[in-house]
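Q: Take a look and give me a structure for this.
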Amino acid sequence: MSWQNWLQVLALVASIFVVTRLLGPYLARVLDGGPAPGDRVFLPVERVIYRVSGVDPKRDCFENEWRTTGGFTIAIHASAIEWRGPRSRARAKGRR
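A: This next block holds a predicted model:
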């Protein structure tokens, strides 16, 4: 391997180490149910999403009815496919 390849591997390992050190404590705090930075901004948005999707946030994720979760998942995927669709078809025809 050339020195450029070794440099690229070293940069990848260093970036993984940095990201792990930054996100590890944050994820541990969030998954333990403690306060996390950004809660003041994201909690109201999360409540709106829960209310629209019909998911009860106080219940355990395994207790929510599978039809609610499945329906919401299908709706999100369908909207993403529709949102991406026209641009993908235009690109396939050679237009931008």
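
Q: Thr68 reaches Arg59, doesn't it?
A: No: Thr68 is beyond contact range of Arg59, at 10.5 Å (criterion: C-beta atoms under 8 Å). Where you see a C-beta, it was placed from the backbone N, CA and C, and this is true even at glycine.

Q: could you pull out the strands for the chain?
A: Secondary structure of the chain (DSSP state E): no strands present.

Q: Quick check: which ranges of it have low pLDDT?
A: By pLDDT under 70, the low-scoring segments of the chain are 60-65, 81-96.

Q: just to revisit the earlier point, of Thr68 and Arg59, who's got more company?
A: Legend: neighbour count by other C-beta atoms under 10 Å for Thr68 and Arg59, higher for Thr68 (13 against 10).

Q: Give me the phi and psi angles of the closest residue to that one other than its chain neighbours.
A: Sequence neighbours aside, Gly54 is the residue nearest to Thr68 in space, at 5.0 Å (criterion: C-beta to C-beta, 6 or more residues apart in numbering). Per-residue torsions, Gly54: phi 80, psi 20 (degrees, to the nearest 10).
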